[in-house]
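Undergrad: build me a model from this:
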Amino acid sequence: MATAEDDKREIELIRAREVEQFISSPLLVDAFANLRQGLILRMVNSMPDDSTVREQCHHQLKALEQVQLELKHVMETGTLILKKEQQQTEMIEFFDSDTLPTQ
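TA: Below is the predicted model:
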C-alpha cells in the first residue's frame, strides 16, 4: 500500500524527469542564452547616465538565474532520491545474510 511519503517521492521523481527533459531542450537552452545575451547587450549599450536601464537588466538577469536554479533544484532532488535508494539497496545487498561468509 502506497503511503503519503511514497506518493510524494513518486511526484518528485516525475517532476525531476520532466525538468531534466525540459532544461535540456535545445529550444529552452537557446531561449535562456538569447535572453541573457539580450539583457547584457542592453546593459552594455545603455547610456552612461542611464542607471535605471542597467538596474532593470541586472534584476532581470538575476531573475533568469533564479528560474534556472529552481529548475536544477527540482531535477537534483529527484537525482538525490534515486541515489539514496540505490545506496540503501546496495547496503541491504551487502549485509544480506546470503553474502556474509559462513563460519
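Undergrad: where does the chain have low pLDDT?
TA: When residues are selected by pLDDT under 70, those of the chain lie in 1, 97-103.
Undergrad: ranges for the helices of this protein?
TA: 4-23, 26-44, 51-94 (DSSP state H).
Undergrad: dump those into JSON lines; add mean neighbour count as well.
TA: For glycine as for every other residue, the C-beta is placed from the backbone atoms N, C-alpha and C. Putting the helices of the chain into JSON lines (neighbours: other C-beta atoms under 10 Å) gives the following:
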{"stretch": "helix 4-23", "mean neighbour count": "13"}
{"stretch": "helix 26-44", "mean neighbour count": "12"}
{"stretch": "helix 51-94", "mean neighbour count": "13"}
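Undergrad: how close does the nearest residue to V74 once chain neighbours are set aside get to L39?
TA: Of all residues not flanking V74 in the chain, V19 sits nearest, at 4.6 Å (C-beta to C-beta, 6 or more residues apart in numbering). Using C-beta to C-beta, to the nearest Å, V19 is found at 23 Å from L39.
Undergrad: how much space between the spatially most central residue of the chain and F22?
TA: With distances taken as C-alpha atoms, centre = their mean, K72 lies nearest the centre of the chain, 1.2 Å away. Counting by C-beta to C-beta, the gap between K72 and F22 amounts to 11 Å.
Undergrad: go on, L13?
TA: The separation that L13 has from F22, given C-beta to C-beta, amounts to 15 Å.
Undergrad: ok, E5 next?
TA: 25 Å.
Undergrad: tell me the contacts of C57?
TA: By C-beta atoms under 8 Å, 6 or more residues apart in numbering, C57 lies in contact with 39-40, 42-43, 46.
Undergrad: which one is it nearest to, not counting chain neighbours?
TA: That would be M43: by C-beta to C-beta, 6+ apart, it lies 4.0 Å from C57.
Undergrad: for the closest residue to R9 other than its chain neighbours, what are its contacts?
TA: With C-beta to C-beta, 6+ apart as the criterion, R9 has its nearest non-adjacent residue at 6.0 Å, and that residue is I81. I81 makes contact with 9, 12-13, 16, according to C-beta under 8 Å, 6+ apart.
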